[in-house]
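Engineer: return a 3D structure for these sequence lines:
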Amino acid sequence: MKDKIKTLQREIAKAIQEARTPTALDEVQNTYFGRKGKLTMILRAVRDLPEKDRPSIGKIVNSAKLDLESRLNERKAMLEGQGSSLDEEWADVTEPGIRPPEGHLHLVTHAIREITSIFDTIGFTRVRYPEVDWDWYAFESLNMPADHPARDEWETFFMDAPPGKKGKMVLTPHTSNSQVREMERGEFPIRMIDIAKCYRRQSDVTHVPMFHQFEGLYVDKDVSIAHLRGILDYFVKAFFGPDRKTRLRPFHFRFTEPSFEIDVSCDACGGSGKNEQGEKCRMCKRGWLELGGAGMVHPNVLSAGGIDSTEYSGLAFGWGVERTYMMKEGLKVDDIRTLYRNDIRFLKQF
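Structural biologist: Down below sits the predicted model:
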């Protein structure tokens with residue numbers, strides 16, 4: 001009986017090794033391990049042996065069975081990993097595959113690229129300056145001393161870092177920190193557009209704690225308000241279309257004199273100040289939306305940048321990218337926070 005078991009064990013091991021496909025291996029399993037398989041019949045025969053021989057013979061049979069089942073499982077795993085043989089397998093390699101899902105540009109990226117392109121056509125070069133900067137560039141060089149109340153408007157985040165020669169470090173509350181940095185390069189004329197992130201402690205339908213601004217600066221001899229109005233009109237017509245209305249309102253900024261705020265008729269309500277239900281527009285409240293500020297560069301700012309204000313003059317403007325894009329014709333987004341909620345149902349529309 002022992003010899004018969006050993007012989008059958010070698011026979012099964014050889015059959016398992018010679019199986020070349022999962023189908024062939026299934027046949028081996030049925031032949032030897034099935035209900036009427038050769039190994040199964042020997043297991044059943046153990047109970048007919050004399051009682052004194054059953055323990056030793058049973059131990060040998062069970063050991064052989066465990067060994068063969070282990071070999072069978074290993075061979076099955078290997079054959080399934082390899083797949084069927086080339087003789088049984090066929091694939092059309094010319095059949096088009098399944099395209100992986102593709103993302104697309106965020107609305108803010110679209111806006112930045114379009115704004116950059118518009119100003120590039122009139123000679124403005126895009127530059128980049130730090131988004132974590134010294135207090136000097138963010139405030140003092142812009143005619144706002146350390147104790148000036150005008151600073152309160154920006155609700156600034158100050159960095160927990162040691163102060164330097166130019167004051168404390170801040171998360172830039174506006175892109176105007178780029179003005180004096182660009183002047184310090186000493187290359188004229190200056191026609192720059194800086195698009196970067198800004199940070200303020202604000203959150204409502206028209207504000208988010210992190211947003212983007214584009215800052216324009218033009219410094220040369222004999223720059224006037226006529227240049228400012230011409231540049232802003234050109235941008236508004238190119239970006240919003242010929243039917244949108246704009247207005248300039250006198251204002252006060254410490255770094256420009258005279259100063260203005262620029263408004264555009266609200267696209268969410270068509271400039272009426274009311275939504276389709278006749279309620280007050282959530283975005284503008286009164287038909288106009290402030291896009292940003294502008295004005296003629298203050299002489300003190302020119303001096304901080306090392307420029308003789310008796311020989312040169314300049315204009316500057318700073319607008320929010322998100323807020324400007326929200327006024328794009330047909331977009332009709334009435335809450336700026338929607339842009340950063342990462343709701344795929346909203347983002348996939350654009």
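Engineer: list the contacts for residue 220?
Structural biologist: Residue 220 makes contact with 188-190, 312-314 under the criterion CB atoms under 8 Å, 6 or more residues apart in numbering. (Each C-beta comes from the backbone N, C-alpha and C, glycine too.)
Engineer: is it in a bridge, and if so with what?
Structural biologist: Under DSSP bridges, the beta-bridge partners of residue 220 are residue 313.
Engineer: what about it, distance to residue 137?
Structural biologist: Going from residue 220 to residue 137 by CB to CB, to the nearest Å gives 22 Å.
Engineer: thinking again about what came up before, closest to residue 77 out of the contacts of residue 220?
Structural biologist: For the contacts of residue 220, the minimum distance to residue 77 (CB to CB) is 70.2 Å, reached by residue 190.
Engineer: neighbours of the closest one, how many?
Structural biologist: The local packing of residue 190 (other CB atoms under 10 Å) involves 23 other residues.
Engineer: need the contact list for it.
Structural biologist: Going by CB under 8 Å, 6+ apart, residue 190 touches 182-183, 217-220, 314.
Engineer: turn those into a markdown table, including distance to residue 248 and pLDDT.
Structural biologist: Formatted as a markdown table, those follow (distance: CB to CB, whole Å; pLDDT from 0 to 100):
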| residue | distance to residue 248 | pLDDT |
| --- | --- | --- |
| 182 | 24 | 97 |
| 183 | 25 | 97 |
| 217 | 18 | 98 |
| 218 | 17 | 98 |
| 219 | 21 | 97 |
| 220 | 22 | 96 |
| 314 | 18 | 97 |
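Engineer: among the contacts of residue 220, name the buried ones.
Structural biologist: Using 16 or more other CB atoms under 10 Å as the burial test, the contacts of residue 220 include 190, 312-314 as buried.
Engineer: okay, strands next: where are they in the stretch 101-250 of the chain?
Structural biologist: All strands of the stretch 101-250 of the chain, identified by DSSP state E, counting those that start in this stretch, fall at 125-127, 132-134, 157-158, 169-171, 190-199, 210-220, 246-253.
Engineer: distance to residue 298 for these - can I get that in TSV?
Structural biologist: Formatted as TSV, the strands of the stretch 101-250 of the chain follow (distance: least, CB to CB, whole Å):
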stretch	distance to residue 298
strand 125-127	21
strand 132-134	19
strand 157-158	24
strand 169-171	20
strand 190-199	15
strand 210-220	12
strand 246-253	8
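Engineer: just so I know, which of these lies nearest residue 98?
Structural biologist: Each of the strands of the stretch 101-250 of the chain was scored for nearness to residue 98 using CB to CB, and the closest is strand 210-220 (36.2 Å).
Engineer: give me the angle between the closest one and strand 190-199.
Structural biologist: Orientation note: strand 210-220 sits at an angle of 160 degrees relative to strand 190-199 (axes from the mean of the first three to the mean of the last three CA atoms, to 10 degrees).
Engineer: restricting to C-alpha, output strand 210-220 in CSV.
Structural biologist: C-alpha atoms of strand 210-220 as CSV (Å, rounded to 0.1, in the frame of the first residue of the first chain):
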residue,chain,number,x,y,z
MET,A,210,-6.8,83.1,-0.9
PHE,A,211,-7.4,84.7,-4.3
HIS,A,212,-5.6,86.0,-7.3
GLN,A,213,-4.9,89.5,-8.4
PHE,A,214,-3.4,91.0,-11.6
GLU,A,215,-1.3,94.1,-11.0
GLY,A,216,-0.5,96.5,-13.8
LEU,A,217,2.3,99.1,-13.7
TYR,A,218,3.3,101.6,-16.4
VAL,A,219,6.1,104.1,-15.7
ASP,A,220,7.6,106.4,-18.2
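Engineer: can you give me the buried ones in the longest helix that the chain contains?
Structural biologist: For the chain, the helix with the greatest residue count under DSSP state H is helix 54-82. Buried positions in helix 54-82, judged by neighbour count with 16+ other CB under 10 Å: 57, 60-61, 64-65, 68, 72, 75-76, 79.
Engineer: repeat for stretch 135-154
Structural biologist: For stretch 135-154, burial by neighbour count (16+ other CB under 10 Å) applies to 135-144, 151, 154.
Engineer: so residue 274 is in contact with residue 280, correct?
Structural biologist: Yes: between residue 274 and residue 280 there is a contact under CB atoms under 8 Å: 6.3 Å.
Engineer: between these two, who's got more neighbours?
Structural biologist: Neighbour totals were compared for residue 274 and residue 280, and residue 274 leads with 15 against 12 (other CB under 10 Å).
Engineer: ok, that one - contacts?
Structural biologist: Applying CB under 8 Å, 6+ apart to residue 274 gives the contacts 280-281.
Engineer: then residue 60?
Structural biologist: 2, 5.
Engineer: please identify the buried residues of the helix or strand harbouring residue 44?
Structural biologist: According to DSSP states H and E, residue 44 maps onto helix 38-45. Burial within helix 38-45, assessed by neighbour count using 16+ other CB under 10 Å, is assigned to 39, 42.
Engineer: same question, stretch 261-269
Structural biologist: Residues of stretch 261-269 classed as buried: 261-269 (neighbour count, 16+ other CB under 10 Å).
Engineer: in a markdown table, list those along with distance to residue 103 and secondary structure.
Structural biologist: Converted to a markdown table, the buried residues of stretch 261-269 look like this (distance: CB to CB, whole Å; DSSP: H, G, I helix; E, B strand; the rest coil):
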| residue | distance to residue 103 | secondary structure |
| --- | --- | --- |
| 261 | 36 | strand |
| 262 | 34 | strand |
| 263 | 35 | strand |
| 264 | 30 | strand |
| 265 | 33 | strand |
| 266 | 31 | coil |
| 267 | 27 | coil |
| 268 | 27 | coil |
| 269 | 32 | coil |
